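>>> Test case, fold it:
(2 chains)
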Protein chains: 2
Amino acid sequence: MRIRFHDARILTMRDNEECFQGEVWVQGDKIEKVICGEWNNDSDEHFDQQIDCMGNLLMPGFKNCHAHGPMTFLRSFADDLPLQEWLNTLVFPAEAKLKSEDIYTLMQLAILEYVKGGITTSFEMYFHPEIIAKACIDMNYRVVLSGTVFGDENSVNRAMDTLRQDYDAFHQCHSLVDYRLGFHSEYSCCKELLKEIAKLSHQKETPVYMHNSETQREVNECMKRHGMTPVQLMNDVGLFEYGGAGHHLLYTDEKDREILREKDIYVVTNPSSNLKLASGIAPIKEYLDCGIKVAIGTDGPASNNSLNFFKEMYLVSNLQKVKYQDAAAIKPMDVLHMATVQGARLLGMSDCDCIEEGKRADMILIDLLKPNMQPMNHLVSNLIYSGSNDNVIMTMIAGKILYANGSYCSEWNPLDIYEKANYIIRRIEYEISS
Amino acid sequence: MRIRFHDARILTMRDNEECFQGEVWVQGDKIEKVICGEWNNDSDEHFDQQIDCMGNLLMPGFKNCHAHGPMTFLRSFADDLPLQEWLNTLVFPAEAKLKSEDIYTLMQLAILEYVKGGITTSFEMYFHPEIIAKACIDMNYRVVLSGTVFGDENSVNRAMDTLRQDYDAFHQCHSLVDYRLGFHSEYSCCKELLKEIAKLSHQKETPVYMHNSETQREVNECMKRHGMTPVQLMNDVGLFEYGGAGHHLLYTDEKDREILREKDIYVVTNPSSNLKLASGIAPIKEYLDCGIKVAIGTDGPASNNSLNFFKEMYLVSNLQKVKYQDAAAIKPMDVLHMATVQGARLLGMSDCDCIEEGKRADMILIDLLKPNMQPMNHLVSNLIYSGSNDNVIMTMIAGKILYANGSYCSEWNPLDIYEKANYIIRRIEYEISS
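Numbers count the residues shown, from 1 in each chain, chains lettered A, B, ... in the order given. Next comes the predicted model:
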């Protein structure tokens, strides 16, 4: 397929390039050409589809850098509880009843929501990576899978076998699927397991990802167990030698931040999840001020409860204003950069970070002709401060249009996915109660 | 017009009524009939329109209890500044260049956004109430106008003349338009003016509304000027004898809260505006705990920047969780109650607070067949925690459908309104700079 988008405002997100009027051609799964201004269409070019963007905004899709997509089944199932109680009394018992085939449907439901809101890649930390990968490939959705192992002294070997096998099976396994080493968290892993994961990371020369310092309680308990913070412990056992990221990172001290900066570890911030679980507000401004890179995630729909990047971008910006009592704490462009370019780089997808010839064609079209985008005083402020999911009128991944003007591509059957997802949670409720 | 909505899930918001399957008939601008279960359609009834809700949710529209709609022209114009600097260096100079005819277009733009997101009434505090009223009547939009006078010792008479004339002109002046006494704030009014407004309120036996205790600085300066907090000063001069509300009310002490509760003064909370201007997080949980009533507002699009009740409802709930480090700080149903029933009551519209026979037909239809609403574990949690503007698929005010399935009613011309709004702000920018 060769597709031409014309009469667009284009925000490439390349370096500090300003928004310009022009067009983008897509050939197969790549961006073929980016034209500033009007194309001289005297030349003889064939396109399978030509899309008049009517002055709307073409930009890179959002990169959701922390998610547990299949947890859609727990949306609004376990609300109004703090993290540990939420995990132990509701989330873990319900997850224990999940069948592997459920994961396929639940990931499909997450993809429907991602694509509708302009998310073109997510970093998925959940069980059954093979099923998540299949759901993503079947729907032409781009995914990076994260290891999510955990365990005590008795299960180190089993956890490491899983991690090694999954890495070998899924690392760069498909043009739409990649894999990164990862574990659940310090509090769910013994030190021996952390050391083994570090060794594997050194052997493969590859970064590691994990939940990190999400609550003060988590940090305090790590201090008791190991005499140092989670960040310091992980650095100590060698987990940070090839980069990576920590999800959440709300509670860090100066020494932690020094490590994160030196080792080039990203912070993935999930502000909505941190509010819902009453975990707090991450010190994003401090991270940026000392040169630590930040990307954004939605976390899972059990702890959010939506998979909505406009909500997350709004919160990243506005919660910092109130945290630091500084209305200029973070600029809107910095947030948009986190949501696109930084996200792509964190995921090792530098071929997918901006709109440029030769890069992967993961793009979205933003409707500027809705009242929340008018008047056009400042495009990027409009996106971050008043943008909403329903401004997304087209989502393309790997050159294929998956969503346009309120409808999904014809191969998808959302009503069937909803019905199956409802059946799964009703079955699990029944099994838990009986 | 007689319209039948059938096959709906109905959330009436009446007392503690559960959601049920059924239908609602509308005749003229009122709700004619609410039917639980299936209607025996053997009887001979004529409808001008029959709408199959396909199991989607019919509920009362949202009541936006604090807004400055015409400030749409300043959306994304003055971001990243604290309240006083924002007002003095950017907002006031731009407002000084507004022509009265501009207000008509700018209010139309706000109405486009309100209606699209399910807001069916707003409480508008801005200059030129006659023009706002005209824009609302022309678009069949329901509005309550608020007085917005201010002034020092030299302008008490002029301000009081305006307030008296506007009250007489607009109070209950039209089925779609009402008016309430109001003034800008303590910090923009001398004590003499406050006393005169209180006298007028006693004479008319009517409540008074104002910005109140939005920042700590405002409270501190009032303490210096008058030796008491704004709430105590207003109570002292008799402004609270017939109820009313304070907009924002972020910084209150125990004595303030005692006054608010005793005098039945509502708090109108505007969480998004408070974040943007780095004002803080209002103590909503404490208000509810001590029996003070709370409603919700968007504030103006210069300080928000969108007019999106889903964002406000989400923030009312989730900011309290993090403020009190309590994931159960406020229940989703309490927030929905603020957004509908409490809002209507604050505005003196008890004939518009829920879906019931004889009440005004201001209703919205929420699309439950979008991925952010699936699975259906808890309807109200889905609305508050994962709901979004684009779940609104129909907005009816006074029995007229103004928005349905992504399109406005045919008499409206959004593109023309956008063009005019852009022209206004470009003209003002030019005038300021030259």
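>>> Spit out the contact partners of the most centrally placed residue in chain A.
In chain A, the residue lying closest to the centroid (Cα atoms, centre = their mean) is residue A:64, at 1.6 Å. Shown in contact with residue A:64 (Cβ atoms under 8 Å, 6 or more residues apart in numbering or on different chains): A:114, A:119, A:121, A:122, A:123, A:296, A:297, A:298, A:307, A:309, A:343. Where C-beta positions appear, they are placed from N, C-alpha and C, glycine not excepted.
>>> Please settle this for me: is it part of a helix?
No. Counting by DSSP: H, G, I helix; E, B strand; the rest coil, one finds residue A:64 to be strand, located in no helix.
>>> ok, so what distance separates it from residue A:122?
Counting by Cβ to Cβ, to the nearest Å, the gap from residue A:64 to residue A:122 is 4 Å.
>>> shared neighbours of these two, anything?
A:114, A:298.
>>> related to what we said a few turns ago, filter the contacts of residue A:64 down to the ones near chain B?
Filtering these for proximity to chain B (criterion: Cβ under 8 Å from any Cβ of the partner chain) leaves residue A:307.
>>> Quick check: of the contacts of residue A:64, which has the highest neighbour count?
Comparing the contacts of residue A:64 by number of neighbours (other Cβ atoms under 10 Å in any protein chain shown), residue A:307 comes first, having 34 neighbours.
>>> one step back: which ones among the contacts of residue A:64 map onto helices?
If you go by DSSP state H, these have A:114, A:309, A:343 in helices.
>>> Give me the phi and psi for residue A:250.
phi -90, psi -40 (degrees, to the nearest 10).
>>> Can you give me the pLDDT of the residue nearest to the centre of chain A?
Looking at residue A:64, its pLDDT is 98.
>>> gap between it and residue B:162?
Per Cβ to Cβ, residue A:64 is found 52 Å from residue B:162.
>>> Looking at the ones in helices among the contacts of residue A:64, which is nearest chain B?
Set against chain B, the nearest of these by Cβ to the nearest Cβ is residue A:114 (8.6 Å).
>>> tell me the contacts of the closest one?
A:64, A:69, A:120, A:122, A:141, A:307.
>>> Nearest residue to the third one in space, please, no chain neighbours.
The reference is to residue A:120. residue A:61 (2.7 Å; Cβ to Cβ, 6 or more residues apart in numbering or on different chains).
>>> To what extent is that neighbour buried, counted in neighbours?
28.
>>> what do you get for residue A:37?
Residue A:37 has 9 nearby residues by other Cβ under 10 Å.
>>> With adjacent residues omitted, what lies nearest to it?
Using Cβ to Cβ, 6+ apart, the nearest residue to residue A:37 is residue A:22, at 5.8 Å.
>>> Specify the local secondary structure of that neighbour.
Residue A:22 - assigned by three-state DSSP - is strand.
>>> Would you agree residue A:279 falls within a helix?
No. Residue A:279 sits outside any helix when classified using three-state DSSP, being coil.
>>> residue contacts, the closest residue to residue A:414 other than its chain neighbours?
Nearest residue to residue A:414 in three dimensions, chain neighbours excluded: residue A:112, at 5.6 Å (Cβ to Cβ, 6+ apart). Residues counted as contacts of residue A:112 (Cβ under 8 Å, 6+ apart) are A:408, A:412, A:414, A:417, B:371.
>>> For these, which entry has the maximal number of neighbours?
residue B:371 (27 neighbours).
>>> Touching, it and residue A:119? I think so.
No. If you go by Cβ atoms under 8 Å, residue B:371 and residue A:119 don't touch, sitting 11.6 Å apart.
>>> residues in contact with the nearest residue to residue A:328 once chain neighbours are set aside?
Leaving aside its chain neighbours, residue A:328 sits nearest to residue B:80 (4.1 Å; criterion: Cβ to Cβ, 6+ apart). Residue B:80 makes contact with A:321, A:327, A:328, A:331, according to Cβ under 8 Å, 6+ apart.
>>> now swap in residue A:347 and tell me
By Cβ under 8 Å, 6+ apart, the contact set of residue A:347 is A:63, A:65, A:121, A:123, A:144, A:178, A:180.
>>> Quick check: the gap between it and residue A:147.
Taking Cβ to Cβ, one finds residue A:347 at 14 Å from residue A:147.
>>> re the thing from before, ok, so of the contacts of residue A:114, who is nearest chain B?
residue A:307 (7.4 Å).
>>> Could you pull out the strands in the stretch 301-434 of chain A for me?
In the stretch 301-434 of chain A, the segments counted as strands under DSSP state E, counting those that start in this stretch are A:363-366, A:392-397, A:400-404, A:407-408.
>>> Mind listing what's buried along the longest one?
By 16 or more other Cβ atoms under 10 Å in any protein chain shown, the buried positions in strand A:392-397 come out as A:392, A:393, A:394, A:395, A:396, A:397.
>>> between it and strand A:400-404, how many degrees?
If you take axes from the mean of the first three to the mean of the last three Cα atoms, to 10 degrees, strand A:392-397 sits at 160 degrees to strand A:400-404.
>>> Need the distance between the two termini of stretch A:218-236.
Counting by Cα to Cα, to the nearest Å, you get 18 Å between the two ends of stretch A:218-236.
>>> quick revisit: greatest separation within the contacts of residue A:64: which pair is it?
A:307 and A:343 (14.2 Å; Cβ to Cβ).
>>> The helix or strand of chain A with the lowest mean pLDDT: how far from the chain's middle?
Here the helix or strand of chain A ranked lowest by mean pLDDT, DSSP states H and E is helix A:83-85, holding a mean of 76. Relative to the centre of its chain, helix A:83-85 is centred 23 Å away, using Cα atoms, centre = their mean, to the nearest Å.
>>> ok, then the element right after that helix?
helix A:92-95 (DSSP states H and E).
>>> neighbouring contacts of that next one?
Here helix A:92-95 has contacts from A:73, A:74, A:77, A:78, A:425, A:428, A:432, using Cβ under 8 Å, 6+ apart.
>>> Tell me which of those has the lowest pLDDT.
Among the contacts of helix A:92-95, residue A:78 has the lowest pLDDT, at 77.
>>> measure that one to residue A:250 for me?
21 Å.
>>> And residue A:344, by the same measure?
In terms of Cβ to Cβ, residue A:344 sits 24 Å off from residue A:250.
>>> who's more crowded, those two?
The neighbour comparison of residue A:344 against residue A:250 (other Cβ under 10 Å) goes to residue A:344, with 27 against 22.
>>> Correct me if wrong: that one contacts residue A:63.
Yes. Contact criterion Cβ under 8 Å: residue A:344 and residue A:63 qualify, at 5.2 Å.
>>> Return every residue with contacts to both of the two.
Contacts common to residue A:344 and residue A:63, judged by Cβ under 8 Å, 6+ apart, are A:121, A:352.
>>> Any residues of the stretch 151-300 of chain A in contact with chain B? List them.
Near chain B, when you scan the stretch 151-300 of chain A using Cβ under 8 Å from any Cβ, you find A:272, A:274, A:275, A:276, A:277, A:278, A:279, A:280, A:281.
>>> and the end-to-end length of stretch A:295-315?
13 Å.
>>> for that stretch, what is the average pLDDT?
Here the average pLDDT along stretch A:295-315 is 95.
>>> and the residue nearest to residue A:328, what are its phi and psi?
Main-chain dihedrals, residue B:80, degrees, to the nearest 10: phi 60, psi 40.
>>> Pull up the gap between it and residue A:317, please.
9 Å.
>>> for residue A:205, same thing?
35 Å.
>>> The two: which is more packed in?
residue A:317 (26 against 8).
>>> which residues does residue A:409 contact?
A:400, A:401, A:402, A:403.
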